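Colleague: Predicted structure and sequence below. I'll ask about it afterward.
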Amino acid sequence: MKAIKLNQPWASLIALGVTDIANLDFTTDYCGPMLIIADEQPVADDFFEQVPVEYSATIGNHILMGNMPQLDALPTGKAVAYADLVGESTEITDETSMWGTGPVMWQFDNIHAITNPTAAPTMADTFGDIDGSKHDNLPAAKPALRMPHLDGDELILPLSAQYFDEIMALDYKFVNFELADAEVADIILADAEKYSLIKFATVRLISNDGRTARFAAHKNSSVQAYLDDAGNPVMVPTIWAPQPIPWLVAHIALDRKL
């Protein structure tokens, strides 16, 4: 059986179905089933400062929604997924996912997360053959990601148990979603060019441990920029524009509990 060892958080992002691309510096003629292993190195403390805002925003939103753990809790030295390598590309086009940066983009399909990551088999290299091919606790399909959505005039917001507790403890309750995450922006914004939020009358928080709380929508819900100490919008680098862009969030404010 073939296996590929990837740094975190990239191994878990593939396992969770956030991306289906691994950026590597070598090619292979192989296509077929492959074990995806998270290497032993933990995620750097300054990871979010090292990557474009589209990456940090998307990853941050998935942590907020409970789709993935905090970066320092990601598994290391373990097999995290099983997938089919279906091809590779060295050419970046308009159709290339934002996650594809090269120099060689390996494309995966039929991704299965290993629900209880197992100790990884020993590998001398980043890519190669390993002994054995059976792995327990494989789900039947790629995991379904929890995302915000409208149910009538109610906005449903999935949250991790940690963030659910933090928000419930606040006097002024709110949830912020990073809008450099294109998928969340498409859901939350009624008009992306005007940065206007969709209309909703109530908000339901759903924790990934099953708890819920329902609130009336607060009039302060809006698109806001993070501000620096001088009160100016914080500007961040982007992979889509040559100049930095303002760091924007969808500020979902919660009124009385229902």
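Modeller: Received, thanks.
Colleague: how far away is residue 131 from residue 121?
Modeller: According to C-beta to C-beta, to the nearest Å, residue 131 and residue 121 sit 6 Å apart. Bear in mind the C-beta positions are built from the backbone N, C-alpha and C, glycine included.
Colleague: Name the residue in those two with the higher neighbour count.
Modeller: Neighbour comparison, residue 131 and residue 121: the larger count goes to residue 121, with 14 against 7 (by other C-beta atoms under 10 Å).
Colleague: Surely that one is within a strand?
Modeller: No: counting by DSSP: H, G, I helix; E, B strand; the rest coil, residue 121 is not part of a strand but coil.
Colleague: Tell me who's in contact with the closest residue to it other than its chain neighbours.
Modeller: The shortest distance from residue 121 to any non-neighbouring residue, by C-beta to C-beta, 6 or more residues apart in numbering, is to residue 130 (4.4 Å). The contact partners of residue 130, by C-beta atoms under 8 Å, 6 or more residues apart in numbering, come to 1-3, 35, 121-123.
Colleague: Closest one to residue 44 out of these, please.
Modeller: residue 123 (22.0 Å; C-beta to C-beta).
Colleague: if you skip the residues just before and after it, what's nearest to the closest one?
Modeller: Once flanking residues are discounted, residue 123 sits nearest to residue 5: 5.7 Å by C-beta to C-beta, 6+ apart.
Colleague: go on, residue 50?
Modeller: Of all residues not flanking residue 50 in the chain, residue 44 sits nearest, at 6.9 Å (C-beta to C-beta, 6+ apart).
Colleague: coming back round to it: would you check how far apart the residue nearest to residue 121 and residue 224 are?
Modeller: The spacing between residue 130 and residue 224, counted by C-beta to C-beta, is 48 Å.
Colleague: What backbone torsions are found at residue 182?
Modeller: Note on residue 182: backbone dihedrals following degrees, to the nearest 10 are phi -60, psi -40.
Colleague: Then residue 157?
Modeller: phi -120, psi 110.
Colleague: same deal with the one 5 residues further on?
Modeller: As for residue 162, its main-chain torsions (degrees, to the nearest 10) stand at phi -60, psi -50.
Colleague: Next: residue 88.
Modeller: Residue 88 adopts backbone torsions of phi -150, psi 160, taken as degrees, to the nearest 10.
Colleague: List the residues that contact it.
Modeller: Applying C-beta under 8 Å, 6+ apart, we find residue 88 in contact with 27-28, 104-107.
Colleague: Could you rerun that using 6 Å?
Modeller: Applying C-beta atoms under 6 Å, 6 or more residues apart in numbering to residue 88 gives the contacts 104, 106.
Colleague: domains of this structure?
Modeller: Domain segmentation of the chain under automatic domain parsing yields 2-41+76-129, 149-257.
Colleague: do you know which of those lies nearest residue 64?
Modeller: Using C-beta to C-beta, the nearest of the domains of the chain to residue 64 is domain 149-257, at 5.5 Å.
Colleague: End to end on that closest one, go ahead and measure it.
Modeller: 19 Å (C-alpha to C-alpha, to the nearest Å).
Colleague: Does residue 36 touch residue 82 like I think?
Modeller: No: contact status for residue 36 versus residue 82: not in contact, 7.1 Å apart, counting by C-beta atoms under 6 Å.
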